[in-house]
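[1] Structure for the following, please:
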Amino acid sequence: MAKPMERISARLRATSDLTPDVRLFEIEPDRSLGKVTPGSHIDVLVPTDGRPQLRSYSLLGPCADGLYRIAVKRLASSRGGSVGMWRLKVGERLTIFEPGNSFELSYGRPDYLLLAGGIGITPIYTMALALHQANANFRLLYAARSRRDLALADELTTYVGERLQLFVGEEGQRIDIGGEIARLDARGELYVCGPFGMLEAAKELWNQAGRPATHLRYESFGNTGGFAAAPFKIRVPRLGLEIDVPAHRSMLEALEDAGVGMIFGCRRGECGLCVLPILEASAEVDHRDVFFSSEERARNSKVCTCVSRAASGCVTLDTPDRTPD
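    Okay, the predicted model is just below:
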């Protein structure tokens, strides 16, 4: 399984609300852990529906004092992670894993463009602080639906000043992503974390501008999809299995519950490790990943089991070279 091996006991030291639906959690591990780099995250076993479920959260700041800070947005469409986190009380014990980083910041570039949407500010915040400390040339564009949704905006203004630009959707403000890419030095890099639509637009405009794919880095915090989450079934003929997937569980989790040996990584639809072939589907498959291109999603031949799901009915999958435990 492509996950950190060692579980670490920790305590929830404090919480505070950054916005009406974004809460800051300060987590104190029982022992000192590895160095935190910009873009790092921790995995947390969150108590959800009476059972722990693994969720990943970006770390805020360099964590030099030994505390891990994460910001969790309470989502109506959540599979239970955000609700479980918000129910935690100060002093409760938690199980976490050592920090990992699949969204690393490169240093030494002549120019940087940081693009954040909503709760996507969490990894971008740390990157902005690091670039400011390194005296790098960068701009941070931060968009949210309303001014009250601009978590950490005051802190960022204090730290990075005019390098920060805010865009409020309710006030008719939109980021001209194509225009901002055109302003970026030819050797510069773009870092994006935000909703699915923002990420897809940035990827498409970056490609249209002829920019190197290696100079675009991104992380998503989830795609709510085109359909409300509903129960459906998975069939795996190779294994003779028919599995019920509740509305609050992912395909990956349901397959794991049934004893299918799955390979996975990010659990956010980014890495592609959990992809399985689709043999047949009785209803539309709601592709919620950012791993496949729009053309690949339209072909409907493979699915990221960690985030995507069927709108209803049943989807038949294959699991080559995998057997039940």
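[2] hey, let's count contacts and neighbours off CA atoms from now on
    Fine.
[3] wait, doesn't residue 6 sit right on residue 97?
    Yes - using Cα atoms under 8 Å, residue 6 is in contact with residue 97, at 6.3 Å.
[4] Which of the two has more residues huddled nearby?
    residue 97 (22 against 10; other Cα atoms under 10 Å).
[5] so that one makes contact with residue 27?
    No - with contact defined as Cα under 8 Å, residue 97 does not reach residue 27; the gap is 11.8 Å.
[6] Next one, pLDDT for residue 226 please.
    Residue 226 is assigned 69 on the pLDDT scale.
[7] next one: the one 10 residues further on
    You'll see residue 236 listed with a pLDDT of 95.
[8] How about the contacts made by it?
    242, 316, 317, 318, 319 (Cα atoms under 8 Å, 6 or more residues apart in numbering).
[9] just the residues you listed now: which is nearest residue 166?
    Each of the contacts of residue 236 was scored against residue 166 by Cα to Cα, and residue 317 proved nearest at 43.8 Å.
[10] ok, now which ones touch the residue nearest to that closest one when sequence neighbours are not counted?
    Nearest non-adjacent residue to residue 317, counting by Cα to Cα, 6 or more residues apart in numbering: residue 278, 4.8 Å away. Neighbour list for residue 278: 300, 301, 302, 303, 315, 316, 317, 318 [criterion: Cα under 8 Å, 6+ apart].
[11] let's see it at 6 Å
    Residue 278 is in contact with 301, 302, 317, counting by Cα atoms under 6 Å, 6 or more residues apart in numbering.
[12] give me phi/psi at the nearest residue to the first one once chain neighbours are set aside?
    In space, and not counting its chain neighbours, residue 301 is closest to residue 278: 5.1 Å by Cα to Cα, 6+ apart. Backbone geometry at residue 278, expressed as degrees, to the nearest 10, gives phi -90, psi 120.
[13] how far away is residue 278 from residue 258?
    18 Å (Cα to Cα, to the nearest Å).
[14] Any stretches of the stretch 51-200 of the chain with poor pLDDT?
    Applying pLDDT under 70 to the stretch 51-200 of the chain picks out residues 51, 76-80.
[15] now the helices for this protein?
    81-86, 121-133, 153-160, 177-183, 196-208, 251-257, 294-299 (DSSP state H).
[16] What lies in contact with the first one?
    Translated: helix 81-86. 47, 48, 74.
[17] go with 8 Å
    So helix 81-86 is contacted by 23, 46, 47, 48, 53, 55, 72, 73, 74, 75 (Cα under 8 Å, 6+ apart).
[18] Switch these over to a markdown table; also include neighbour count.
    As requested, the contacts of helix 81-86 are exported to a markdown table (neighbours: other Cα atoms under 10 Å):
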| residue | neighbour count |
| --- | --- |
| 23 | 20 |
| 46 | 24 |
| 47 | 19 |
| 48 | 18 |
| 53 | 18 |
| 55 | 18 |
| 72 | 22 |
| 73 | 21 |
| 74 | 18 |
| 75 | 14 |
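[19] out of the residues you listed, what pair is the most spread apart?
    23 and 53 (19.1 Å).
[20] now the end-to-end length of stretch 269-284.
    18 Å.
[21] Stretch 45-58 now?
    Termini of stretch 45-58 sit 14 Å apart (Cα to Cα).
[22] gap between that stretch and the chain center?
    14 Å (Cα atoms, centre = their mean, to the nearest Å).
[23] Next, the angle from the longest strand anywhere in the chain to helix 153-160.
    Ranked by residue count, the top strand of the chain under DSSP state E comes out as strand 7-19. Here the directions of strand 7-19 and helix 153-160 differ by 100 degrees (axes from the mean of the first three to the mean of the last three Cα atoms, to 10 degrees).
[24] tell me what strand 7-19 is packed against?
    Where contact means 3 or more Cα pairs under 8 Å, 6 or more residues apart in numbering; DSSP states H and E, strand 7-19 is packed against strand 22-29, strand 93-97.
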